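A.B. asks: Curious how this folds, go ahead:
(4 chains)
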Number of protein chains: 2
Amino acid sequence: MGRRRGEALEAAILEAAWDELSERGYANLTVDSVAQRAGTSKPVLYRRWADKQELVEAAVVRRDAAQQVTPADTGSLRGDLIATLTELNERGPYLAQLSLLLAGYFAETETSFAELRRTVLAGRRSGSDEIMERAVERGELDPAKLTPRIAALPFDLLRGEAMMTLRPVAPEVIEEIVDTVFLPLVR
Amino acid sequence: MGRRRGEALEAAILEAAWDELSERGYANLTVDSVAQRAGTSKPVLYRRWADKQELVEAAVVRRDAAQQVTPADTGSLRGDLIATLTELNERGPYLAQLSLLLAGYFAETETSFAELRRTVLAGRRSGSDEIMERAVERGELDPAKLTPRIAALPFDLLRGEAMMTLRPVAPEVIEEIVDTVFLPLVR
DNA sequence: GGCATAAGAAACGTCAAAGTTTCTAAGGAG
DNA sequence: CTCCTTAGAAACTTTGACGTTTCTTATGCC
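C.D. replies: Numbers count the residues shown, from 1 in each chain, chains lettered A, B, ... in the order given. Reported below is the predicted structural model:
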């Protein structure tokens, strides 16, 4: 690989930083490990960001900008749900998990979970709304049974599972959530 | 203060460790700071626990044992659940914030909240087991419908709510979980 | 093609905290 | 009263990562 510069190099570094963050967490992320993962060296990073905190902030902000989820449209409620949950599951840490990964960052900078949550969630629309609307139109779903809590249930359970285990959730768990918890409640 | 020994000393150290953990989080807790807070010195700690991880584990286990919830026995499944969830909820910050405080520990040991919870609960029956067994004996509950996931559902949902909001959960939410999600699934 | 700019390698100083060693003296058991 | 265990103080070694410096060399622009 040739020697990269400018924007291309910066993008590679921030991607490497994000990967390190999601795999190892803030505390175990080192500037060196990010540099190596990006195939470059420390001074290159320090020329761009003053310290580790700024580097991680930049990586999170960048990743967040690229993170919009469009819910799958497979023709059935069950299919939509499983596809969307699977994609969320594979896409990497949720904000909730991120807060765990970033806990060391919070402690260090004395900022708070609430602050990050506000900025990142601003103006975002839940992916479940769209899936549920389509299912109601198809007549697969009784809107009377669909309280906000029940509509959010599959996503809450997936997130809870992900937070507790800090690992990707098994596909069978996603199916179990949909087939044995959510669907029985809505039909 | 006289020179303490044995059990009294150990208790003071673990309490200091817990306090440091809740105030500063795992990453910012140092063995030195715990020793000083307990009014003793590092070697005393290292004679008891091999390293920082073991020290923190011991502090968490101890605290958890002291906070143990014995599930209420109100005579009905619904009553038991609501009483127990409410009590858990009122212990409030403990459950939700612990995982944030321990984030550094998780990253370091490559374990997760789920695993720590297993060691903490080792050998003990979880609170939900007892409630569910009583309900089966009373004939309130069809054991065939009670998969492990469904049995854990009310507790998972409460914990998820607490983690996301980092605030005490409203009593109506607890009732909603029990009445619109859990009970409809098991009868 | 030549030059300014920035990448990349290597090694360095610094520092905080882990974990250890050594020694002194307190306090309980007999 | 004496002794044996162990608390407690202080200083030490080690480790790992931050952040820096220096120097070489690749890249793109004119």
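A.B. asks: interface residues of chain A facing DNA strand D?
C.D. replies: Residues of chain A lying near DNA strand D by C-beta under 7 Å from any atom of the strand: A:2-3, A:5, A:28-32, A:42-43, A:46, A:51-52. Every C-beta, even on glycine, is put in place using the N, C-alpha and C of the backbone.
A.B. asks: can you redo those residues as CSV with secondary structure?
C.D. replies: What follows is the residues of chain A next to DNA strand D, written out as CSV (DSSP: H, G, I helix; E, B strand; the rest coil):
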residue, secondary structure
A:Gly2, coil
A:Arg3, coil
A:Arg5, coil
A:Asn28, helix
A:Leu29, coil
A:Thr30, coil
A:Val31, helix
A:Asp32, helix
A:Lys42, helix
A:Pro43, helix
A:Tyr46, helix
A:Asp51, coil
A:Lys52, helix
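A.B. asks: Tell me which helix or strand comes right after the one helix or strand in chain A whose mean pLDDT sits lowest.
C.D. replies: Of all helical and strand segments in chain A, the minimum by mean pLDDT, DSSP states H and E falls on helix A:113-121, at a mean of 56. Using DSSP states H and E, the helix or strand that directly follows helix A:113-121 along the chain is helix A:127-137.
A.B. asks: Quick one: residues in contact with that following helix.
C.D. replies: Outside helix A:127-137, the residues that touch it by C-beta atoms under 8 Å, 6 or more residues apart in numbering or on different chains are A:69-71, A:73, A:77, A:80-81, A:84, A:88, A:141, A:143, A:146, A:151-152, A:154-155.
A.B. asks: now, which of the residues you listed lie close to DNA strand C?
C.D. replies: Contacts with DNA strand C within these, as defined by C-beta under 7 Å from any atom of the strand: none are present.
A.B. asks: Weed out the non-buried ones from the residues you listed.
C.D. replies: Buried members of the contacts of helix A:127-137, scored by 16 or more other C-beta atoms under 10 Å in any protein chain shown, are A:Pro71, A:Leu77, A:Asp80, A:Leu81, A:Thr84, A:Leu88, A:Leu141, A:Ala151, A:Ala152, A:Pro154, A:Phe155.
A.B. asks: Can you tell me the SS state at the first one?
C.D. replies: When the structure is reduced to helix, strand and coil (three-state DSSP), A:Pro71 reads as coil.
A.B. asks: what sits against it?
C.D. replies: A:Pro71 sits next to A:Asp80, A:Thr84, A:Gly127, A:Ser128, A:Glu130, A:Ile131 when contact means C-beta under 8 Å, 6+ apart.
A.B. asks: list the helices and strands whatever helix or strand A:Thr84 lives in packs on?
C.D. replies: For A:Thr84, the host element (DSSP H and E) is helix A:77-91. Secondary structure elements in contact with helix A:77-91, counted by 3 or more C-beta pairs under 8 Å, 6 or more residues apart in numbering or on different chains; DSSP states H and E, are helix A:127-137, helix A:148-165, helix A:171-176.
A.B. asks: returning to that earlier point: let me have the buried ones among the contacts of helix A:127-137 in JSON lines, extended by pLDDT and distance to B:Arg62.
C.D. replies: Listed next are the buried ones among the contacts of helix A:127-137 as JSON lines, based on pLDDT from 0 to 100; distance: C-beta to C-beta, whole Å:
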{"residue": "A:Pro71", "pLDDT": "80", "distance to B:Arg62": "45"}
{"residue": "A:Leu77", "pLDDT": "94", "distance to B:Arg62": "47"}
{"residue": "A:Asp80", "pLDDT": "94", "distance to B:Arg62": "47"}
{"residue": "A:Leu81", "pLDDT": "94", "distance to B:Arg62": "42"}
{"residue": "A:Thr84", "pLDDT": "90", "distance to B:Arg62": "42"}
{"residue": "A:Leu88", "pLDDT": "84", "distance to B:Arg62": "37"}
{"residue": "A:Leu141", "pLDDT": "90", "distance to B:Arg62": "48"}
{"residue": "A:Ala151", "pLDDT": "92", "distance to B:Arg62": "41"}
{"residue": "A:Ala152", "pLDDT": "88", "distance to B:Arg62": "36"}
{"residue": "A:Pro154", "pLDDT": "94", "distance to B:Arg62": "37"}
{"residue": "A:Phe155", "pLDDT": "89", "distance to B:Arg62": "35"}
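A.B. asks: For those, give me CSV that also has distance to B:Val136.
C.D. replies: Rendered in CSV, the data for these read as follows (distance: C-beta to C-beta, whole Å):
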residue, distance to B:Val136
A:Pro71, 39
A:Leu77, 32
A:Asp80, 35
A:Leu81, 31
A:Thr84, 35
A:Leu88, 35
A:Leu141, 32
A:Ala151, 30
A:Ala152, 29
A:Pro154, 27
A:Phe155, 30
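A.B. asks: Not counting its neighbours along the chain, what's nearest A:Leu183?
C.D. replies: Distances taken as C-beta to C-beta, 6 or more residues apart in numbering or on different chains place A:Arg78 nearest to A:Leu183, at 6.6 Å, with adjacent residues excluded.
A.B. asks: Thanks a lot, see you next time.
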